[in-house]
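Trainee: Give the three-dimensional model of this entry:
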Amino acid sequence: MSEKLFKFDQLSEQSQENSVKGFSKFFVKMYRDRNMELISQDINNSFLWDIDREVYRNRFESIEHAAKDTVKYCSRNYREILKDLDINFLANGTSELPWEDWYQTKYDKVPAGL
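Mentor: Sure thing, here's the model as predicted:
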């Protein structure tokens, strides 16, 4: 039997915090790899601006350090983004799929030639 899945806003406060921390590392990596198009298409991009600025400010730091800083200063923005993304979470806040797999699934759905 599989675990019950939740939308971000159905998670407990602690689980939401876990989700934000997990997503932040993925986000920083995608930002540095310049692969934000698939993330930015499903959300209100105003939530990205503060995070982007913080990631840029930490551009010479490790992904872990930059992610930690973005969570510290932009947690509310991450929460809004996670509400809008089409992904489910386990009760502990872990994404149903690893973030890289979620991204690949979205990428595979993009029509050829775009």
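Trainee: Report the contact partners of Val20.
Mentor: Val71, Ser75, Tyr78, Arg79, Leu82 (CB atoms under 8 Å, 6 or more residues apart in numbering). No exception for glycine: its C-beta is placed from N, CA and C like everyone else's.
Trainee: Apologies, that question was intended for Glu13.
Mentor: Counting by CB under 8 Å, 6+ apart, Glu13 makes contact with nothing.
Trainee: gap between it and Lys68?
Mentor: Glu13 sits 19 Å away from Lys68, going by CB to CB, to the nearest Å.
Trainee: for Met30, same thing?
Mentor: Counting by CB to CB, the gap from Met30 to Lys68 is 17 Å.
Trainee: Ok, Phe89 next?
Mentor: Phe89 is 21 Å from Lys68, by CB to CB.
Trainee: Give me the more crowded residue out of the two.
Mentor: Set Phe89 next to Lys68 and count neighbours by other CB atoms under 10 Å: Phe89 wins out with 21 against 17.
Trainee: how about stretch 28-45: buried residues?
Mentor: Using 16 or more other CB atoms under 10 Å as the test for burial, stretch 28-45 gives Val28, Lys29, Met30, Tyr31, Leu38, Ile39, Ile43.
Trainee: Show me which helix runs longest in the chain.
Mentor: helix 63-84 (DSSP state H).
Trainee: Buried residues, the helix or strand that that helix is followed by. List them.
Mentor: Next helix or strand after helix 63-84 toward the C-terminus (DSSP states H and E): helix 99-108. Residues of helix 99-108 classed as buried by neighbour count (16+ other CB under 10 Å): Trp99, Trp102, Tyr103, Lys106.
Trainee: could I get those as CSV with distance to Tyr56 and pLDDT?
Mentor: CSV is the format used below for the buried residues of helix 99-108 (distance: CB to CB, whole Å; pLDDT from 0 to 100):
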residue, distance to Tyr56, pLDDT
Trp99, 20, 94
Trp102, 24, 92
Tyr103, 21, 90
Lys106, 24, 87
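Trainee: The buried residues of stretch 28-45 in helices, which ones?
Mentor: Counting by DSSP H, those contribute Val28, Lys29, Met30, Tyr31, Leu38, Ile39 to helices.
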